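Asker: Quick one, what's the 3D model for this:
(one chain, ligands or ions: 1)
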Amino acid sequence: MNFLQSQDPEIWKAMEAEATRQQDGLEMIASENYTSPAVMEAAGSVLTNKYAEGYPGRRYYGGCEHVDVVETLAIERAKQLFGAEAANVQPHSGSQANTAVYLAALEVGDTVLGLDLAQGGHLTHGMKLNISGRLYNFQSYGVDAKNHRLDFDQIAKLAREQKPKMIVAGASAYPREIPHDRFAEIAEEVGAKLMVDMAHYAGLVASGQHNSPVPYADYVTTTTHKTLRGPRSGLILCKQEHLKLVNRNVFPGTQGGPLMHVIAGKAVCFAEAMTDDFKAYGKAVVENAKVLADTLMQAGLPLVSGGTDNHLMLVDVTAVDLGGKKAEAVLDQCGITVNMNMIPFDTRKPMDPSGIRIGTPALTTRGMGSDEMKRVGAWIYQGLSNPDDTSLHESIRNEIRELCKSFPVPAERQLA
Ligand code: PLP
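Answerer: Purely as a prediction, here's the structure:
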């Protein structure tokens, strides 16, 4: 840090402020987490200096003998962690991973089924402005209007009518466990490939808290920075028979040189995710989410689907006469970071929807448990039901700052 501080104080100051924000507030964005200091060290290392186009043993640059070791370890650990036949650890992000699989498995114009963005899907599952929606004929499936669970009758009907080349399972805002076996049955019936994007719940799969898509899917993609708690990046797992085309469509299909420093961070993360500590963390993420969900519902805040099975929940804030935009801003004032989110069958607009999405991974990583979740739930309810009471928000903020002192973020723990 000393080099940066003296050479570029403007950037250093913003980074310091961000470090303080991460320490002093409650990070409850469901897709965020705190990496370990070891992951940070790998990601901020000399490996950033190295070009390594190609794959281990088959590079287009000299001097790759050490990064070959790193990438091979990352591949082997990813396979071991998830019980997969093959892995590509080079995608720079979850979106890159999805795009490479589409290019490997589909022709432009092919029909694909994906979860509606407005009902919990991701941009890369066929949103019109995304490359997925521009190159392929994505048809959206959704959730049941009454119970907000994936509507498998509708998915099977759509699959029979549309005869898709691929079905994409996985979500960004779905609070329930995803039954991969049911997707696999439908895909098999209509002769479609199955891709599961487990970006949100990969850490729960790794820790045994969510069923694994690996036995069911032709391709599994994920980000590595959400529940999995690694560096900001992507990963593809697949059957051996698909590896050649997957590799070709990551490099040179959609990317140039791999980010070897980030691949090192991923390798460290995969090893961490095989430990008993990580299993305990995964269990606590889900337990914390249940306690928080119960606390919010008992206080009178309705949740989409009436609860959660995983690391996140969607709160319908119209119950306290708010929109998602104001709710996000109020909680920000209180020191709680969340994001506004559409809820199924939302009648409001994406820029001010009816819901907020709340997740427990980051607080769990800090060591918080059910007692803290009950306090956090009470603060969320108090804040949202008094949206214009700025002195209340300030006093919640102070209490949160105090609480956070007892739960240092991992980087702070290292410095201490
Ligand atoms: N897939 C899902 C289900 C996601 O939730 C996300 C990110 O939020 C992505 C893919 C994309 O990941 P990235 O932001 O790394 O491109």
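
Asker: residue in the stretch 201-350 of the chain nearest to the ligand?
Answerer: Going by C-beta to the nearest ligand atom, the ligand is nearest to Thr223 of the stretch 201-350 of the chain, at 4.4 Å. In short, each C-beta sits where N, CA and C put it, glycine included.

Asker: tell me the pLDDT at Asn2?
Answerer: Listed pLDDT for Asn2 reads 83.

Asker: so how far is the ligand from it?
Answerer: Between Asn2 and the ligand the distance is 31 Å, computed by C-beta to the nearest ligand atom, to the nearest Å.

Asker: re earlier: go ahead and confirm the residue of the stretch 201-350 of the chain closest to the ligand touches Ile236.
Answerer: No - taking contacts as C-beta atoms under 8 Å, Thr223 lies outside contact range of Ile236: 11.3 Å.

Asker: sorry, back to before: check contacts around the residue of the stretch 201-350 of the chain closest to the ligand.
Answerer: Thr223 sits next to 31, 93-94, 97, 199, 202, 232-235 when contact means C-beta atoms under 8 Å, 6 or more residues apart in numbering.

Asker: backbone phi and psi for the residue nearest to it when sequence neighbours are not counted, please?
Answerer: Spatial nearest neighbour of Thr223, excluding adjacent residues (C-beta to C-beta, 6 or more residues apart in numbering): Gly94 at 3.7 Å. Main-chain torsions, Gly94, degrees, to the nearest 10: phi -60, psi -40.

Asker: So what's the residue count around Gly94?
Answerer: Applying other C-beta atoms under 10 Å, we find 28 residues neighbouring Gly94.

Asker: Likewise for the one 5 residues further on?
Answerer: Burial measure for Thr99: 24 neighbouring residues, criterion other C-beta under 10 Å.

Asker: ok, and what's touching the host helix or strand of it?
Answerer: According to DSSP states H and E, Thr99 maps onto helix 94-105. Here helix 94-105 makes contact (C-beta under 8 Å, 6+ apart) with 88, 91, 112, 122-125, 131-132, 135-136, 165-166, 193, 195, 197, 199, 218-219, 221-223, 234-236, 238, 242, 245-246, 248-250, 253-255.

Asker: try 7 Å this time
Answerer: 91, 124, 131-132, 136, 166, 193, 195, 197, 199, 219, 221-223, 234-236, 242, 245-246, 249-250, 253-255 (C-beta atoms under 7 Å, 6 or more residues apart in numbering).

Asker: which among these end up buried?
Answerer: Buried members of the contacts of helix 94-105, counted by 16 or more other C-beta atoms under 10 Å: 91, 124, 131-132, 136, 166, 193, 195, 197, 199, 219, 221-223, 234-236, 242, 245-246, 249-250, 254-255.

Asker: Mark which of the residues you listed are part of helices, please.
Answerer: 131-132, 242, 245-246, 249-250 (DSSP state H).

Asker: Please list the members of the contacts of helix 94-105 that lie in strands.
Answerer: Filtering the contacts of helix 94-105 for membership in strands, criterion DSSP state E, returns 166, 193, 195, 197, 219, 221-223, 234-236.

Asker: right, and the pair among the residues you listed with maximum separation?
Answerer: Lys193 and Thr223 (20.8 Å; C-beta to C-beta).

Asker: Any figure for the gap between the closest residue to the ligand within the chain and Ala199?
Answerer: In the chain, the residue that lies nearest the ligand is Gly94 (2.6 Å; C-beta to the nearest ligand atom). As for Gly94, its distance to Ala199 is 5 Å (criterion: C-beta to C-beta, to the nearest Å).

Asker: can you map out the helices along the stretch 251-400 of the chain?
Answerer: For the stretch 251-400 of the chain, the helices defined by DSSP state H, counting those that start in this stretch occupy 260-272, 276-299, 324-334, 361-365, 370-385, 390-405.

Asker: and the third one, what does it pack onto?
Answerer: Using 3 or more C-beta pairs under 7 Å, 6 or more residues apart in numbering; DSSP states H and E, the elements in contact with helix 324-334 are strand 339-341, strand 355-359, helix 370-385, helix 390-405.

Asker: Please apply the same query to the last one.
Answerer: With contacts defined as 3+ C-beta pairs under 7 Å, 6+ apart, helix 390-405 has these neighbours: helix 9-24, helix 324-334, helix 370-385.

Asker: okay if I get the ones you listed as a markdown table plus mean neighbour count, distance to the ligand and mean pLDDT?
Answerer: Below are the helices and strands packed on helix 390-405 laid out as a markdown table (neighbours: other C-beta atoms under 10 Å; distance: least, C-beta to the nearest ligand atom, whole Å; pLDDT from 0 to 100):
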| stretch | mean neighbour count | distance to the ligand | mean pLDDT |
| --- | --- | --- | --- |
| helix 9-24 | 13 | 18 | 95 |
| helix 324-334 | 21 | 17 | 98 |
| helix 370-385 | 19 | 22 | 98 |
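
Asker: Compare the ones you listed and report which one is nearest to Glu71.
Answerer: helix 9-24 (28.5 Å).

Asker: and the stretch 151-300 of the chain, which of its residues are near the ligand?
Answerer: Taking C-beta under 6 Å from any ligand atom as the measure of proximity, the stretch 151-300 of the chain contacts the ligand at 170-172, 197, 199-200, 223, 234.

Asker: farthest-separated two in those?
Answerer: Ala171 and Gly234 (16.6 Å).

Asker: which residues does the residue nearest to Ser93 when sequence neighbours are not counted contact?
Answerer: Nearest residue to Ser93, sequence neighbours excluded (C-beta to C-beta, 6+ apart): Gly234, at 4.9 Å. Neighbour list for Gly234: 91-94, 96-97, 221-224 [criterion: C-beta under 7 Å, 6+ apart].

Asker: hey, what's Gly234 bridged with?
Answerer: Thr223 (DSSP bridges).

Asker: Quickly note the distance from it to Asn398.
Answerer: 39 Å.

Asker: what's the burial count for Val67?
Answerer: With other C-beta under 10 Å as criterion, Val67 counts 21.

Asker: If you average the pLDDT over the one helix or strand it maps to, what comes out?
Answerer: For Val67, the host element (DSSP H and E) is helix 65-82. For helix 65-82, mean pLDDT rounds to 98.
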